[in-house]
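Asker: Next come a sequence and a model predicted from it.
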Amino acid sequence: MTCRALLVLALGLAACGHPTRSVHVEVADLVLDADRFAVVADGAKVDHLRVQPVTFEPGVLGGARELPAWLLPHTASLEFTVPQDLAGELELHGGFAFDFVECKRRRADYRDILEAKVERIGEDGPELLWTATLVAEGKTPHGYGWREITGPGGGPLIVHAGDRLRIHSWNLQAHKNLPKFGVAGLSLHVRREVAVETATPERPNVVLVVMDTLSAVHTSTFGNPDATTPHLDMLAARGTAFDAARATSSWTWPSTASILTGLDPAEHGVTKAGTSWLAADIKTLAERLQAADLATAAFTGNRLVSADFHFDQGFDTFRGPDRNEFIDGAELMPPALAWLDDHADERFFLYLHLVDPHRPFAPLPESKIALPGEKPADLPKLMLAQHTGELYPESCAIPDRFERPLLTSMLSARDLAWMDRSYDQAIHTGDIWLGRLVAKLRALGLDDSTVIVFTADHGEESYEHGDIGHGQSLFPELMHVPLVMAGPGVPVGLRVADTVSNAALYGYLGELGERGVATAPSAPNLQAGEPMFYSTSRGQWDGARGQTLLGIESDGWALHLCVEAGAQRLFDLKNDPEQHRDVAAENPDMVARLRAQLLEHQSAAEAGRQTPAALGAGEGAIETLKDIGYL
């Protein structure tokens, strides 16, 4: 159905008394589809546009710091035809800017001026649609400003299928040593009117809660003897809990991208700073549910899961950090709950990404009361990363952390116990926010018409294998994540023992949103029992960091492979579920079988990658990773 037909339908629905709402949808990302452009730069034809991250002035683009952009000479002309298959009125989005980082390095008396314009080329010559002047001046950040392409009166610039457009820029100062200049965010969007549907048990709302850095074994739902997650316990009691759920990676970027796309990290390509952009041509869960006319919203406290890296695609509302720090539940929950108040009468998809269990911990007072503990006055401030090469072999020989001589010579048993307790307190705080969410749904009368799913992007290590944090390995404390769901169509009181990947939620929740409970696959059928694959690009292996680690779990065995070292470790999960004893030497046939299966999977995933080649790590992305502790 064309956009014009949709509008006519919406007007008809409104006339009949059916409420409607406007949906804004991106239909083409032009920056990552540069082949459709003819480019002339400095008077010569250019065969290929260079795409590279450009850091824009902080505070623009809704808080974005960095976007993939075309790097252009300061005198350039780009021409393209709006695709014929995009019917109706289209909005051309995008803008121009100097690179903020490069401009800051200029002399105080530096000044450069650039003109930019967009024209429609017709039989009678070019028609000016938009023009702007950009100034890079001295070291004042406000001088580098972003100039957004707009239409008359500051509204969106409307174009149509078949329009021939020209984007033109030229330097007014004739400088040779100029800062990078970028065209970013260039994309085509449509607005469509949809009828507002009220959720029912047959066609429910969808709520997906991802709690950052939550190891399953630290929840009382999955084995912690302390009541760290009482609200998750209650959710599991009225729904289904998966005892052996796995993440696809041991850190946020790749794992969250997998949850939202259903793809392996090698397929979606969001694996490290240089490939941190979630490509627009990947259809996310939010885009599926938006296309099914659900209102969509995301509230995320993790800086990596942000609009900067295109995680906002498919969301009508997207709220996240605009600074390089985490937003805890105390700040994140009020706008999320207010959004629920405003959308209680329409069917919706809500994505909530809580970060309270991520360091630095800031548990609520009630969590400290529920799980009392006292921080040792002499707790060492140092982390022991430099000793991992020694601490890992000790963990293999002595699985119990509290019995390891080398580790306890650096961190006492009391120190280790406090690390566990402070983590559990932070988890308890995250669980309080889950309880507030469930209570809000109940207060709005949405209990019987909402499917709520709870999981985590990855876990956390506290020296179980000689290290601390996440991303560095593929051991159970990082890969075993909680997974609980409840609501219409979900079996009550069921525990699923088979291994499942939380990336399989994409298929289940997508079908649920598109077709409803009757035709969605059975909730526990999340590819249960199939081999699990996972990976990290930030791995540690024999003391070396930044290694690519690949893992497979199948038939009671787990194999970890270090790509750079060409080495592997094999674990017998039946006799060693926590994976402390490498039995690769005693089982060469199993190593060969799992290694071949793992490499075959990885090769197929890379061949099916739906993203362009790596863009390279921009300074904004690297700064973000440093500021929040990943580098």
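Answerer: Yes, it's here. Residues are numbered from 1 along each chain as shown.
Asker: Now for G262: which residues touch it?
Answerer: By CB atoms under 8 Å, 6 or more residues apart in numbering, the residues touching G262 are L285, A503, A504, L505, Y506, G507, G510. Using the backbone N, CA and C atoms, a C-beta is placed for each residue, glycine as well.
Asker: The closest residue to L559 other than its chain neighbours - how many residues pack around it?
Answerer: Spatial nearest neighbour of L559, excluding adjacent residues (CB to CB, 6 or more residues apart in numbering): L594 at 4.1 Å. L594: 25 surrounding residues under other CB atoms under 10 Å.
Asker: does L208 sit in a helix or strand, and which one?
Answerer: strand 205-211 (DSSP states H and E).
Asker: neighbouring contacts of that strand?
Answerer: 199, 256, 259, 285, 289, 294, 347-357, 427, 430, 434, 437, 441, 446, 449-457, 482, 505, 509, 512-513.
Asker: Most remote residue from the middle of the chain, which is it?
Answerer: Most distant from the centre of the chain: D124, at 46.8 Å, with distances by CA atoms, centre = their mean.
Asker: Can you spell out which helices and strands pack onto the lengthiest helix in the chain?
Answerer: If you go by DSSP state H, the chain has its longest helix at helix 413-443. Packing partners of helix 413-443 (3 or more CB pairs under 8 Å, 6 or more residues apart in numbering; DSSP states H and E): strand 205-211, helix 230-237, helix 329-343, strand 348-354, helix 365-370, strand 450-456, strand 461-462.
Asker: Next, format the ones you listed as TSV and append mean pLDDT.
Answerer: Formatted as TSV, the helices and strands packed on helix 413-443 follow (pLDDT from 0 to 100):
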stretch	mean pLDDT
strand 205-211	98
helix 230-237	98
helix 329-343	98
strand 348-354	98
helix 365-370	98
strand 450-456	98
strand 461-462	95
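Asker: Same list (these) but as JSON lines, adding distance to A247 and mean neighbour count.
Answerer: Formatted as JSON lines, the helices and strands packed on helix 413-443 follow (distance: least, CB to CB, whole Å; neighbours: other CB atoms under 10 Å):
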{"stretch": "strand 205-211", "distance to A247": "10", "mean neighbour count": "25"}
{"stretch": "helix 230-237", "distance to A247": "17", "mean neighbour count": "20"}
{"stretch": "helix 329-343", "distance to A247": "21", "mean neighbour count": "17"}
{"stretch": "strand 348-354", "distance to A247": "14", "mean neighbour count": "26"}
{"stretch": "helix 365-370", "distance to A247": "24", "mean neighbour count": "15"}
{"stretch": "strand 450-456", "distance to A247": "7", "mean neighbour count": "26"}
{"stretch": "strand 461-462", "distance to A247": "13", "mean neighbour count": "20"}
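Asker: Out of the ones you listed, which is closest to V183?
Answerer: When the helices and strands packed on helix 413-443 are compared by CB to CB, strand 348-354 sits nearest V183, at 29.9 Å.
Asker: tell me the secondary structure for Q313?
Answerer: Secondary structure, DSSP: H, G, I helix; E, B strand; the rest coil: Q313 is coil.
Asker: What separation do you get for the residue lying closest to it once chain neighbours are set aside and S187?
Answerer: Spatially, and ignoring its direct neighbours in sequence, Q313 is nearest to T284 (5.6 Å; CB to CB, 6+ apart). Going from T284 to S187 by CB to CB, to the nearest Å gives 15 Å.
Asker: For these two, indicate the residue with more neighbours.
Answerer: Using other CB under 10 Å as the criterion, T284 and S187 rank with T284 on top: 27 against 19.
Asker: can I assume the more buried one is in contact with G314?
Answerer: Yes - between T284 and G314 there is a contact at 4.9 Å, judged by CB atoms under 8 Å.
Asker: where are the low-confidence patches of the stretch 501-631 of the chain?
Answerer: Scanning the stretch 501-631 of the chain for pLDDT under 70 picks out 520-528, 610-631.
Asker: Show me where it has its strands.
Answerer: Counting by DSSP state E, counting those that start in this stretch, the segments of the stretch 501-631 of the chain that form strands are 532-541, 544-554, 557-562, 567-572.
Asker: In terms of secondary structure, what does the longest one contact?
Answerer: Packing contacts for strand 544-554, counted by 3+ CB pairs under 8 Å, 6+ apart, involve strand 532-541, strand 557-562, helix 588-607.
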